[in-house]
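[1] below: sequence and its predicted model.
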Amino acid sequence: MAVASQVSALVEDRFDGVWMMKMKILRVSLPVSASVLLVFVRVQILSPPRLPSDPGKPAASSPRRSMEETSESDSGSARGTKRKRVTEPRDRDSAGSGSDSSGSPFRRPKAPLMPICTEEDGTVLYGFTDDQDVMDRYHDDMQKYIKKRDRHKRMLTLAPSSVTERRTFKETESVLKYAESVLSLSAYLDGKMINQCTGIVVEVDAFRNSAIILTSTWLFCTKKPLDDWTKKEYATEAKVNVHMLDDSTLECRLMFFSEHYEIAFFEISGDISLKTLSLECNVELGQDVFLLARDTNLNLIYKRDKVQLVDPCEHQQNHYQFLNGPIPQCGTGGGVLDAGGKIVGMLFYKLPLVAFIPSSLILKCSTMWQHFRQLARPQLGLKLRTLAFLDIPRIELMSRKFSISSGLIVGELEHVLLGVGEEHLQKSNDLSSKVEVEIGVFHVRKRIQRFITLRVGLSDHLEVFHSDDEDAKAEGNTGEEGPAAAACEAKP
């Protein structure tokens with residue numbers, strides 16, 4: 001304890017909190033015929049350096065001393081001998097080593113250390129030299145090393161990789177091929193950028209030298225509240241550019257967009273050579289997928305993921321499905337691909353989980369627009385949950401008490417609603433009329449199951465939620481508890 005107190009006092013007096021290193025002798029081997037003393041040491045950092053980054057470590061190799069130095073050390077002059085042994089090669093020779101030279105190896109400059117003292121158990125305390133010129137050269141070399149290290153990190157072949165999963169060369173080739181259809185788009189209003197997001201080439205017309213790009217309305221959305229059920233504002237007159245993979249830029253034209261589903265189709269024309277990705281209707285819960293998008297620098301975003309068995313949050317639309325993610329905001333509009341390279345959904349930046357809209361809904365909207373130049377969707381004004389996504393004990397309880405163990409998945413309900421709208425458009429293009437939707441409801445509190453009829457309006461705009469909307473109330477409903485609180489199945 002006395003030796004430790006003296007060491008602490010010495011360190012505080014001479015080095016005022018500089019970086020200390022603790023080197024403990026673990027084993028000394030001295031054969032009879034040997035002429036060199038081998039010392040094995042263990043290094044322990046006692047306090048941080050004054051530089052932001054680690055200024056270096058002592059050389060990993062074991063120091064060698066001659067028999068004369070050993071004799072001097074044994075006779076009581078060990079401290080002086082060690083100071084000379086450490087400070088000369090580590091101070092004078094290594095400091096100012098020119099590690100910043102463009103032709104020099106990429107290495108961290110060695111710290112100019114010197115021994116302070118040795119404890120009774122063989123522990124040696126090391127600290128920085130008190131030679132100010134040596135320390136100045138060392139700090140200069142360290143700053144040059146840091147700059148060179150940062151330059152190396154920016155090199156494509158030396159930059160840190162974010163890839164954490166294993167993949168085959170065939171999988172890599174496939175992803176690179178699919179990535180040729182994933183572009184980046186940016187929207188401008190009065191010369192100022194509104195947003196930047198990803199787009200997917202879904203159709204190419206070689207005869208007209210044109211292509212159609214699927215993306216999100218978030219691209220030209222000027223007011224996007226957190227709650228998806230509230231009104232948004234769009235700048236449909238915004239100038240939208242497509243950033244091609246050869247670093248060229250083309251202006252595109254808005255063809256169609258859906259406020260409710262937040263999808264948009266743009267057309268580009270010119271001397272272009274693009275490949276398409278096809279939309280796949282089938283996506284299963286728990287399915288393995290991978291994500292492709294572009295960041296703001298047009299770099300590819302690639303992630304493996306799995307379709308989650310969760311419902312939307314209270315502030316999110318019914319038609320979303322979810323992934324773990326995450327993705328940046330500019331990844332909105334990117335693709336969710338299956339193992340065969342087909343698009344099963346389009347990405348949306350959402351919290352807490354990344355959302356996507358299934359391709360089946362996108363294809364349904366596209367078909368209705370091509371045939372009728374508009375969408376017609378019944379506005380139920382209901383926030384729904386999927387019974388199958390509840391925890392198993394709750395499902396078992398409902399099955400045991402109420403004989404209900406399954407129901408319509410909320411995402412599937414959207415297909416039913418669009419089917420109702422499409423059937424109406426085939427008869428009339430008038431969206432001012434209303435339609436009747438029959439829904440099977442089980443009243444949980446009263447334990448009564450029945451079918452009710454909702455008389456609702458049609459619209460191709462965003463559905464705004466109204467819990468007390470008179471037009472969305474069911475016939476015969478007392479208002480004590482709306483259909484949103486019940487397990488339901490729609491029957492058009």
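    Structure received.

[2] going by C-alpha atoms from here, please, whenever you check contacts or count neighbours.
    Noted.

[3] now do the SS call for Phe266.
    Assigned with DSSP: H, G, I helix; E, B strand; the rest coil, Phe266 falls in the strand class.

[4] so it touches Met255, yeah?
    Yes - in this structure, Phe266 is within contact of Met255 by Cα atoms under 8 Å, at 5.4 Å.

[5] show me which of the two is the more surrounded one.
    Phe266 (20 against 11; other Cα atoms under 10 Å).

[6] for that one, what are its contacts?
    By Cα atoms under 8 Å, 6 or more residues apart in numbering, the residues touching Phe266 are Ile212, Ile213, Leu214, Thr215, Cys252, Arg253, Leu254, Met255, Phe256.

[7] give me the element the fourth one is part of.
    Using DSSP states H and E, the secondary-structure element containing Thr215 is strand 210-216.

[8] repeat that for the fifth one.
    Following DSSP H and E, the helix or strand that holds Cys252 is strand 249-258.

[9] now that strand against strand 210-216, angle please.
    Angle, strand 249-258 to strand 210-216, by axes from the mean of the first three to the mean of the last three Cα atoms, to 10 degrees: 60 degrees.

[10] so where do the helices sit in the stretch 151-300 of the chain?
    Using DSSP state H, counting those that start in this stretch, the helices of the stretch 151-300 of the chain run over 169-179.

[11] quick one: the strands in it?
    182-189, 192-205, 210-216, 221-223, 233-234, 239-243, 249-258, 263-269, 288-294, 300-306 (DSSP state E, counting those that start in this stretch).

[12] which stretch among those strands comes nearest Asp150?
    Closest to Asp150 of these is strand 300-306 (Cα to Cα; 22.0 Å).

[13] what does the closest one rub up against?
    Around strand 300-306, the neighbours that count as contacts under Cα under 8 Å, 6+ apart are 179, 286-295, 323-325, 331.

[14] ditto for stretch 243-252
    Stretch 243-252 has contacts (Cα under 8 Å, 6+ apart) with 180, 183-186, 239-242, 266-269, 298.

[15] pull the most distant pair out of those residues.
    For the contacts of stretch 243-252, the maximum inter-member distance is 23.5 Å, found between Glu180 and Lys239 (Cα to Cα).

[16] please say which of those two ends up with more neighbours.
    A count of neighbours by other Cα under 10 Å puts Lys239 above the other of Glu180 and Lys239, at 20 against 17.

[17] so for the closest residue to Val204 other than its chain neighbours, what's the pLDDT?
    Spatial nearest neighbour of Val204, excluding adjacent residues (Cα to Cα, 6 or more residues apart in numbering): Ala211 at 4.2 Å. pLDDT, Ala211: 95.

[18] does Ala211 touch Ser181 like I think?
    No - between Ala211 and Ser181 there is no contact under Cα under 8 Å: 10.8 Å.

[19] which strand residues bridge Ile439?
    Ile452, Ala490 (DSSP bridges).

[20] hmm, it is touching Leu454, no?
    Yes - with contact defined as Cα under 8 Å, Ile439 reaches Leu454; the gap is 7.5 Å.

[21] cool, thanks, talk later.
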